[in-house]
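Asks: Output the structure for:
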Amino acid sequence: MAITKQQVVDALKEVIFFKKQDNIVNLNMIQDISIKGNDIKVTIIFEKLDDPSVGIIYNSVVKTLKEKLGEDVTVDVKPVADDKGPLSGVKNIIAVISGKGGVGKSTVSANLAIALSKAGNKVGILDADVLGPSVPIMFGVEGGQPSVVERNGKPVLIPLENYGIKILSIGFFVKPEQALMWRGSMANSAFNQLMTDSDWGDLDFLVIDMPPGTGDIQLTLAQNYNIRGAVLVTTPQKVAAADVRRAAMMYRQDKLTIPLLGVIENMAYFSPADNPDKKYYIFGQGASDSLANELNIKVLGRIPIEEKVTETGDTGMPITMVDNSPVTKEFINIAQKITNLVDKL
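Replies: Numbering: from 1, shown residues only. So this is what the prediction gives:
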């Protein structure tokens, strides 16, 4: 019986790229498969051909195909460099991170994306908080379904768009009432698919709303993707700053060096509408400055407490869409600072 392409694909699903914790088929690493009788040629895409994983994958493909299809098959594996990957059109990937939940990281991510777009940039946002996706609500696309097209025999996700921002989230693929009880490998697989199985097109910035903490997705992002920089989000309390410090130090480790662009202090103060020059520091002062000094980075901005931040987020229109808001002005300043910083890297 003649060997079919589907048989080869099914066999290659057994070949795991351990660095990315998924098989080479799901990771879209297979560029081409050709079959002539018992001769099989497989072209595999790698980010870098000098990666030690190339040799490991090469040997694993040969061994697996012979085991699955017979020892008499001849296997030719051709590694090629990825010069037209799914993220090749993305100039700057910015990770928005925090050490704990509840500090407004998703709100910051959404409004930062809008502010960058208002400055004339092409922007996308990826909601990588797989256990608590909230970006669809904030952008008014809850319940939306990204379309899927086939390119070169592979399904590709087309991000939704609103306010000029390309948007993808795991929240598009689960019911709102559904609890996600995923092990780390499942979350990683979903994250990789949103990153690499999607047509992001040409973007100046891709903002990634990361899960809180220092888990598997943070490691996957740091190890496998070209991240331009990370922005830390905290509130003024010492406990919040202590948690985000641990998240920041993860990206300062030797093998995970990602530039820390600065700190955004959320819920920094409250100013009454009838006395906008008066500031009440409800959650205290100083912790964010101490953190920034310790990490040798700057406080990029301080977002005031404003009732409309919650109102606009819940109704699907980030407050930065409102031009005359003090919060909008602060995010515009933050976006400009981030743009200046990445231009210098």
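
Asks: Report the central residue of this protein.
Replies: The residue lying closest to the centre of the chain (C-alpha atoms, centre = their mean) is residue 208, at 3.8 Å.

Asks: by contact count, what packs against the lowest-mean-pLDDT helix or strand in the chain?
Replies: Lowest by mean pLDDT, DSSP states H and E among the helices and strands of the chain is helix 216-224, with a mean of 76. In terms of contacts (3 or more C-beta pairs under 8 Å, 6 or more residues apart in numbering; DSSP states H and E), helix 216-224 is packed against helix 184-196, helix 238-250. Where C-beta positions appear, they are placed from N, C-alpha and C, glycine not excepted.

Asks: related to what we said a few turns ago, show me what the residue nearest to the centre of the chain is bridged to.
Replies: For residue 208, the beta-bridge partners are residue 95, residue 126 (DSSP bridges).

Asks: isn't it right next to residue 128, touching?
Replies: Yes: if you go by C-beta atoms under 8 Å, residue 208 and residue 128 touch, sitting 5.3 Å apart.

Asks: With respect to residue 289, which of the helices and strands packed on helix 216-224 lies nearest?
Replies: helix 238-250 (9.4 Å; C-beta to C-beta).

Asks: now the nearest residue to residue 280 once chain neighbours are set aside, which residues is it bridged with?
Replies: With C-beta to C-beta, 6 or more residues apart in numbering as the criterion, residue 280 has its nearest non-adjacent residue at 4.6 Å, and that residue is residue 270. Residue 270 has these beta-bridge partners by DSSP bridges: residue 280, residue 305.

Asks: How about the contacts made by the residue nearest to the centre of the chain?
Replies: Contacts for residue 208 (C-beta atoms under 8 Å, 6 or more residues apart in numbering) come out as 93-96, 109, 125-126, 128, 221.

Asks: Give the pairing partners of the helix or strand harbouring residue 232; include direction for each.
Replies: For residue 232, the enclosing helix or strand under DSSP states H and E is strand 229-234. With DSSP bridges as the test, strand 229-234 is paired with strand 90-97 (parallel), strand 260-265 (parallel).

Asks: Any stretches of this structure with poor pLDDT?
Replies: 50, 83-85, 152, 175-184, 214, 253-257 (pLDDT under 70).

Asks: domain ranges for it?
Replies: 5-81, 90-344 (automatic domain parsing).

Asks: circling back: orientation of the least confident helix or strand of the chain relative to helix 184-196 in degrees?
Replies: Helix 216-224 runs at 50 degrees relative to helix 184-196, counting by axes from the mean of the first three to the mean of the last three C-alpha atoms, to 10 degrees.
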